[in-house]
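**Student:** I would like the atomic coordinates for the input below:
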Amino acid sequence: MKIATFNINNVNRRLPNLLRWLKTAKPDVVSLQELKASDAEFPAAALEKAGYGAVWQGQKTWNGVAILARKAEPVLIRTALPGDANDHEARYIEAAVRGMVVTSLYLPNGNPQPGPKFDYKLAWFNRLRAHAAKLLKQQVPVVLAGDYNVAPTPLDIYPTRSWDKDALIQPKSRAAFKALVDQGWCDALRTLHPDRQMFTFWDYKRQRWPRDAGLRLDHLLLSPDVATRLAKAGVDRDVRGEEGASDHAPAWVVLK
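**Tutor:** Numbers count the residues shown, from 1 in each chain. Coordinates of the predicted model:
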């Protein structure tokens, strides 16, 4: 079983890229972020033609998350992260797929920091941690997949000082990610590749893709029972180099 997470950065603009990758990589489950499309604009018909059922939570212009399932229909569980009834940003969706709970989450960027946007990021992390703890207590197989907007350690960013003030690598951001993982989640890519730089995001600015000046922001966290099935994990880097590509590349795991 292959599960992937992919910040598509506008699902309609990148639809040819997405369909090409789906045909080649054949993931069984895909978490998409940054749809940048309303519910009505989501390309469900094109994805169904490609063999994928879908559930989604759209938002005009910004945000938006979806879960795709190959030759299956995801069963929607929730379209919002619990903990704040006043938060209407489309950043979280959860579904049951092939006997497993899978999320697509798009954690707030948090810039500029300090300030209200960074406070929102940390508060969102707190809500995620609370919900994740409840999922663990239910003892069901879970994959927390998505764009966390955190490079957890110095290994997860290219050698530079230019991001020192960025919310993506602040000590509080990294501590929040670590606190989540420490609940008992398995960071799949880092578990199988403990010493390897594996980036998932390369900014469009300053020739960062040609220079391989990337960050690892997209993560798949596995509950303990799913972690025992972890066989492979990787990043489809070449997708980032295609014409019209997202600034992210898909990260994925294979479960035995």
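
**Student:** so where do the strands sit in this protein?
**Tutor:** For the chain, applying DSSP state E gives strands covering 2-7, 29-33, 52-57, 65-70, 75-78, 92-97, 100-106, 142-147, 186-187, 218-222, 230-235, 251-255.

**Student:** centroid-wise, who is the farthest residue in this structure?
**Tutor:** residue 161 (25.0 Å; Cα atoms, centre = their mean).

**Student:** any idea how far that residue is from residue 213?
**Tutor:** 12 Å (Cβ to Cβ, to the nearest Å). The C-beta positions use only the backbone N, C-alpha and C, and glycine is treated the same way.

**Student:** leaving out the residues flanking it, which one is nearest to residue 242?
**Tutor:** In this structure, residue 242 finds its nearest non-sequential neighbour in residue 17, 5.7 Å apart by Cβ to Cβ, 6 or more residues apart in numbering.

**Student:** pretty sure residue 69 is touching residue 51, no?
**Tutor:** No. Residue 69 is beyond contact range of residue 51, at 9.6 Å (criterion: Cβ atoms under 8 Å).

**Student:** which one's more surrounded, the two?
**Tutor:** The neighbour count for residue 69 versus residue 51, taken as other Cβ atoms under 10 Å, is higher for residue 69 (22 against 14).

**Student:** give me the pLDDT value at the more buried one.
**Tutor:** If you check residue 69, the pLDDT there is 98.

**Student:** contact partners for it?
**Tutor:** 28-30, 52-54, 95, 97-98 (Cβ atoms under 8 Å, 6 or more residues apart in numbering).

**Student:** so which of those residues wins on neighbours?
**Tutor:** residue 30 (29 neighbours).

**Student:** identify the bridge partners of the closest residue in space to that residue that isn't next to it in sequence.
**Tutor:** With sequence-adjacent residues excluded and distances taken as Cβ to Cβ, 6+ apart, residue 30 is closest to residue 68, at 4.2 Å. Applying DSSP bridges to residue 68 gives these bridge partners: residue 30, residue 54.

**Student:** ok, back up a step: let's have the strands of the chain in CSV, adding distance to residue 209.
**Tutor:** Listed next are the strands of the chain as CSV, based on distance: least, Cβ to Cβ, whole Å:
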stretch, distance to residue 209
strand 2-7, 15
strand 29-33, 19
strand 52-57, 27
strand 65-70, 24
strand 75-78, 35
strand 92-97, 28
strand 100-106, 21
strand 142-147, 17
strand 186-187, 24
strand 218-222, 15
strand 230-235, 13
strand 251-255, 16
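
**Student:** looking at those strands, which is nearest to residue 154?
**Tutor:** Residue 154 sits nearest to strand 186-187 of all the strands of the chain, at 15.1 Å, using Cβ to Cβ.

**Student:** can you list the strands that the closest one pairs with?
**Tutor:** Assessed with DSSP bridges, strand 186-187 is paired to strand 218-222 (antiparallel).

**Student:** would you mark the buried spots in the partner strand?
**Tutor:** By 16 or more other Cβ atoms under 10 Å, the buried positions in strand 218-222 come out as 218-222.

**Student:** quick one on the thing from earlier: what's the pLDDT at the residue farthest from the centre of the chain?
**Tutor:** Predicted confidence (pLDDT) for residue 161: 96.
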